[in-house]
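In: sequence unknown, structure follows:
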Ligand SMILES: Cc1ncc(COP(=O)(O)O)c(C=O)c1O
C-alpha cells in the first residue's frame with residue numbers, strides 16, 4: 001500500500017511490529033497504482049472492446065473487453081486488499097452470486113441456504129438451481145434456526161455448499177460465519193457469504209473461514225445511488241479462475257465507467273459508514289421509544305438479538321434498520337410524509353431511503369414493516385424528518 005501523505009517517515013505498515021493501517025487508510029489507498037511523477041492518483045477508465053493484438057494470442061493481459069479490462073483490474077486489486085483474497089468483479093450483485101452458484105452446483109448436489117435470504121437470490125435458486133436437480137435445504141435464520149441446524153450437522157448431511165447472508169436482508173439476523181464454516185468444512189461443504197449489508201470494511205468472511213465472500217457493490221460499497229455492480233472474493237486461485245472464466249463465458253461483465261466510479265467512491269467508504277451507522281443507531285434508539293413503532297431491529301442496539309454476535313464478528317453494525325408500523329396504511333402515510341428521506345428500494349447510500357418492504361410480496365414480513373437505510377444527512381435533520389413523519393402518519 002502507498003503510504004498516506006502526511007504520515008511522516010514511519011507510516012503504518014512499515015517496519016517490524018508496525019501498526020496495521022486502519023479502515024479509512026485502507027479504503028483511501030486500496031488498489032491505487034504506485035506513485036508516478038505526473039500521473040493521476042487513479043487513472044481514468046479504459047473504454048475498449050478489442051485491444052491491439054497482433055499475431056497469435058500471446059498471453060497479453062488485455063485482449064478483448066469481455067475477458068478483462070485494466071479499470072476492472074485496478075478496482076479488483078482494491079477489493080482484494082480489503083477482502084484479504086482475490087476479487088473478481090461482475091456487472092451486478094446477482095451476477096456475482098450466480099457466478100458462485102451456477103458453475104459449482106450440479107444435479108444431486110445439496111445447497112443449504114437461508115429461507116429468508118435476499119429475495120433475488122431465492123428467485124434465482126427457485127427458478128434455475130432447484131429445477132436442475134439440486135436439493136435445496138432452506139431454513140430460516142430467525143431465532144438461529146439455520147445456524148443451529150448447521151452446527152449440529154442436521155442440515156449439512158451431504159451438503160455441497162452453504163450459502164449464508166449476514167446480516168440478512170431484510171431480517172437483520174446475524175449468523176456466526178466462523179462456526180458455520182468450521183462445521184461445513186468438517187463435512188466437506190464449501191461456504192459462501194453474502195456480505196452486502198456489512199461490506200468488507202465491517203466484516204471479512206474469508207478471514208472468518210468462508211470460501212467465498214460475495215457483495216453487491218451497488219449498495220454501501222459505492223454508496224451514491226448511481227451504479228450497479230457486484231464482486232466475489234476468494235483465497236483459492238483455482239476458484240478465482242473459475243469465476244473469471246464464468247464471467248467471460250456468461251458475459252456478466254461490469255462496465256469500465258462503473259468500475260472506475262466504484263473505485264473512486266471507495267475512498268470515502270469508511271467515512272460514509274461511520275456517519276451512516278451513527279444515524280442508523282440514533283434512529284433505531286429513537287424509534288424504539290415510540291409507542292406506535294414495534295419490532296425495531298438494528299444490530300447496533302444493545303438489546304437486539306443479533307447484537308452480541310455482530311459486536312464480535314463485525315467492525316460496525318451497518319446502515320440498515322427495520323421497524324414495524326401498525327398497518328400498511330400507516331406505513332404508506334409515513335413514507336409519504338418524509339421530506340428528506342426518499343422512498344426507494346436498495347440501501348447503503350449517502351441518501352437516506354425507506355420502503356415498505358411488503359410492497360414487493362417476496363419477503364415474509366408484516367404489512368407495516370419499513371426497511372430504512374440511513375444516509376449521511378445531519379443526524380438532527382434526519383431524526384426530525386422521521387419523527388415528524390411518524391406524527392403526520394398517526395395524526
Ligand atoms: C443482500 C443482497 N445481496 C445481493 C443483492 C443483489 O445485488 P444487485 O442488485 O447489485 O444485483 C441485493 C440487492 O438488493 C441484496 O440486498
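Out: Happy to help now that I have it. Not measured: the values here are computed from a predicted model.
In: ok, what's across the strand from the closest residue to the ligand within the stretch 101-250 of the chain?
Out: Using Cβ to the nearest ligand atom, the single residue of the stretch 101-250 of the chain nearest to the ligand is residue 216, 3.1 Å away. Every C-beta, even on glycine, is put in place using the N, C-alpha and C of the backbone. Counting by DSSP bridges, residue 216 forms beta bridges with residue 230.
In: Surely it and residue 89 touch.
Out: No - using Cβ atoms under 8 Å, residue 216 makes no contact with residue 89, being 11.9 Å away.
In: Distance of the single nearest residue of the stretch 51-200 of the chain relative to the ligand relative to residue 169?
Out: Residue nearest to the ligand within the stretch 51-200 of the chain (Cβ to the nearest ligand atom): residue 93, separated by 2.3 Å. Distance from residue 93 to residue 169, counting by Cβ to Cβ, to the nearest Å: 11 Å.
In: give the contact list for the residue lying closest to residue 316 once chain neighbours are set aside.
Out: Distances taken as Cβ to Cβ, 6 or more residues apart in numbering place residue 202 nearest to residue 316, at 4.0 Å, with adjacent residues excluded. When contacts are counted by Cβ atoms under 8 Å, 6 or more residues apart in numbering, residue 202 touches 273, 314, 315, 316, 317, 318.
In: what's the answer for residue 43, then?
Out: Counting by Cβ under 8 Å, 6+ apart, residue 43 has contacts 33, 70, 74.
In: burial count for the first one?
Out: What that stands for is residue 33. The burial count assigned to residue 33 is 13, neighbours taken as other Cβ atoms under 10 Å.
In: quick one: it and residue 71 touch, right?
Out: No - taking Cβ under 8 Å as the definition, residue 33 is not a contact partner of residue 71, at 11.8 Å.
In: so residue 272, which of the three states?
Out: Of the three states, residue 272 takes helix under DSSP: H, G, I helix; E, B strand; the rest coil.
In: For it, grab the count of nearby residues.
Out: Using other Cβ under 10 Å: residue 272 sits among 25 other residues.
In: so it makes contact with residue 350?
Out: Yes - using Cβ under 8 Å, residue 272 is in contact with residue 350, at 6.1 Å.
In: Touching both of residue 216 and residue 89, which residues are there?
Out: By Cβ under 8 Å, 6+ apart, the residues touching both residue 216 and residue 89 are 229, 230.
In: residue in the stretch 251-395 of the chain nearest to the ligand?
Out: residue 346 (6.0 Å).
In: Please identify which helix or strand holds that residue.
Out: Using DSSP states H and E, residue 346 is not contained in any helix or strand.
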